[in-house]
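# Sequence below, structure please.
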Amino acid sequence: MEKSPENRQSRSDTVRARAWFLDWLPAVIVLGLLCLISEFGLFGSADSWKLFWSLLNLAPGLWIVRAVIRSLRRADEYQRRCQLEALAIGFGVLITAIYTVGLLQAAGVGDLRQLVQISFIGSILIWIAALLFKTPRTR
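Numbers count the residues shown, from 1 in each chain. The predicted model follows:
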């Protein structure tokens with residue numbers, strides 16, 4: 001069955017999409033595994049091994065930064081603009097959320113760790129939503 005002209009992708013688009021998937025997949029798998037490992041109580045103590053396991057969570061975060069940079073370098077001008085605008089929106093949400101967390105902590109409201117995690121996760125979700133909203137024409 002022949003694809004319609006709207007659904008065809010060039011070879012470079014297919015290669016770019018495959019490379020994007022291969023950049024992100026290891027980070028997501030490692031992050032998922034670390035979440036499972038955290039259920040065994042290895043995180044959050046001054047013990048050297050627990051400190052190692054806690055700092056190991058930085059590895060998928062750095063891998064994600066690498067994937068974002070590689071994705072930006074592979075993108076054409078329009079896609080790069082959309083990605084940077086989505087990143088800017090997510091960053092703005094994160095800065096506003098962290099500022100709010102600071103105000104809440106000054107007032108003695110809430111748990112700092114939970115509020116920071118909610119801020120981080122919320123900004124990532126806003127970034128993804130902005131990217132999906134900005135780029136439906138590129139798919």
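
# buried residues in whichever strand or helix holds Q117?
Per DSSP states H and E, Q117 falls inside helix 112-134. Neighbour counts using 16 or more other C-beta atoms under 10 Å place 115, 119, 123, 126-127, 130-131, 134 of helix 112-134 among the buried residues. C-beta: built from backbone N, CA, C; applies to glycine.

# got those residues as TSV, with distance to R66 and pLDDT columns?
Compiled in TSV, the buried residues of helix 112-134 are given as follows (distance: C-beta to C-beta, whole Å; pLDDT from 0 to 100):
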residue	distance to R66	pLDDT
L115	28	89
S119	23	90
S123	19	90
I126	21	93
W127	16	90
A130	21	91
L131	17	87
K134	22	83
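
# Off-centre distance for the lengthiest helix in the chain?
If you go by DSSP state H, the chain has its longest helix at helix 77-106. On the basis of C-alpha atoms, centre = their mean, to the nearest Å, helix 77-106 sits 12 Å off its chain's mean C-alpha point.

# Quick check on A75: phi, psi?
Dihedral angles phi and psi of A75 (degrees, to the nearest 10) take the values phi -70, psi 150.
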